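Asker: What shape does this take:
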Amino acid sequence: MLFRDIPYTLMYFGDMFRNMSALVSGFSRRIQILWMIFIVGYFYLAINLPVVWFWFTILVFTPAGFTYDRYRTMLERKANKEGSQSTSQYTA
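Answerer: Below you'll find the predicted structure:
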């Protein structure tokens, strides 16, 4: 519908904005600006938050998982090495 009938779509959005401006004309300019900031911020977060969260997950948690695995294997090797040394001290 949006792309088949462009003039009707433009008229629809024009009517929508005209009705919104008539609706908010009773509010003070400060309230209008605060609502505008809220609405723009809402859509900004709705678009960007999933994108940022996805890349944050990929770029932060994945290397952290690899680092944790490497650190865990290093500790296991160290524990096995110390364990084998401590048992070798007591064997005759």
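
Asker: Tell me the backbone dihedrals of Trp35, please.
Answerer: The phi and psi torsions at Trp35 (degrees, to the nearest 10) take the values phi -70, psi -40.

Asker: which residue sits closest to it in space, ignoring its chain neighbours?
Answerer: Nearest-residue entry for Trp35: Val24, 7.3 Å, with adjacent residues in sequence omitted and distances by CB to CB, 6 or more residues apart in numbering. All C-beta atoms are positioned from the backbone trio N, CA, C, and that covers glycine.

Asker: What does the pLDDT read for the one you found?
Answerer: According to the per-residue confidence, Val24 scores 82 in pLDDT.

Asker: And it, how close does it get to Met11?
Answerer: Counting by CB to CB, to the nearest Å, the gap from Val24 to Met11 is 21 Å.

Asker: where's Thr73 relative to Asn80, distance?
Answerer: 10 Å.

Asker: so where does the spatially most central residue of the chain fall, helix or strand?
Answerer: Closest residue to the average C-alpha location of the chain: Trp53 at 2.5 Å, with CA atoms, centre = their mean. Mapping Trp53 onto the secondary structure by DSSP states H and E places it in helix 29-56.

Asker: could you point out which element follows that helix?
Answerer: helix 62-90.

Asker: Which neighbouring elements make contact with that next one?
Answerer: Taking 3 or more CB pairs under 8 Å, 6 or more residues apart in numbering; DSSP states H and E as contact, there are no helices or strands that helix 62-90 lies on.

Asker: Give the rounded mean pLDDT of it.
Answerer: Summarised as a single mean, pLDDT over helix 62-90 is 76.

Asker: Could you list the buried residues of that helix?
Answerer: Buried residues in helix 62-90, counting neighbours by 16 or more other CB atoms under 10 Å, are absent.

Asker: From the chain's centroid, how far away is stretch 30-39?
Answerer: Offset of stretch 30-39 from its chain centre (CA atoms, centre = their mean, to the nearest Å): 24 Å.

Asker: again, but for stretch 14-23
Answerer: The gap between the average C-alpha position of stretch 14-23 and the chain average comes to 32 Å, counting by CA atoms, centre = their mean.
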